[in-house]
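Asks: Dropping a prediction and its sequence here:
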Amino acid sequence: RAEALRRSQLALADTAATSHPVFWAPFVLVGDGGS
């Protein structure tokens, strides 16, 4: 889960239309990220 969140944030940050933190910063991992 943590890796999936990381990849999603990087994909958003790498796209010009969604590179501003307002698009990717609100996402947080809740709970056990390893399972």
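Replies: Now that the structure is in, tell me what you want to look at.

Asks: For this structure, which segments count as helices?
Replies: 2-14, 21-24 (DSSP state H).

Asks: Tell me which of those lies nearest to Asp32.
Replies: helix 2-14 (9.2 Å; C-beta to C-beta). For glycine as for every other residue, the C-beta is placed from the backbone atoms N, C-alpha and C.

Asks: picking up where we left off before, least confident of the helices of the chain, on average?
Replies: Among the helices of the chain, helix 21-24 has the lowest mean pLDDT, at a mean of 80.

Asks: who touches Leu29 in this structure?
Replies: Arg1, Ala2, Leu5 (C-beta atoms under 8 Å, 6 or more residues apart in numbering).

Asks: Need those residues in CSV (columns: distance to Asp32 and neighbour count).
Replies: Converted to CSV, these look like this (distance: C-beta to C-beta, whole Å; neighbours: other C-beta atoms under 10 Å):
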residue, distance to Asp32, neighbour count
Arg1, 8, 12
Ala2, 9, 11
Leu5, 13, 14
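
Asks: Make CSV out of these and add distance to Val22.
Replies: Compiled in CSV, the contacts of Leu29 are given as follows (distance: C-beta to C-beta, whole Å):
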residue, distance to Val22
Arg1, 23
Ala2, 22
Leu5, 17
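
Asks: Nearest residue to the residue most central in space within the chain in space, ignoring adjacent ones along the chain?
Replies: Centroid-nearest residue in the chain, with C-alpha atoms, centre = their mean: Gln9, separated by 2.5 Å. Once flanking residues are discounted, Gln9 sits nearest to Trp24: 4.7 Å by C-beta to C-beta, 6 or more residues apart in numbering.

Asks: Am I right that the one you found is in contact with Arg6?
Replies: No. Assessed by C-beta atoms under 8 Å, Trp24 is found out of contact with Arg6, at 10.6 Å.
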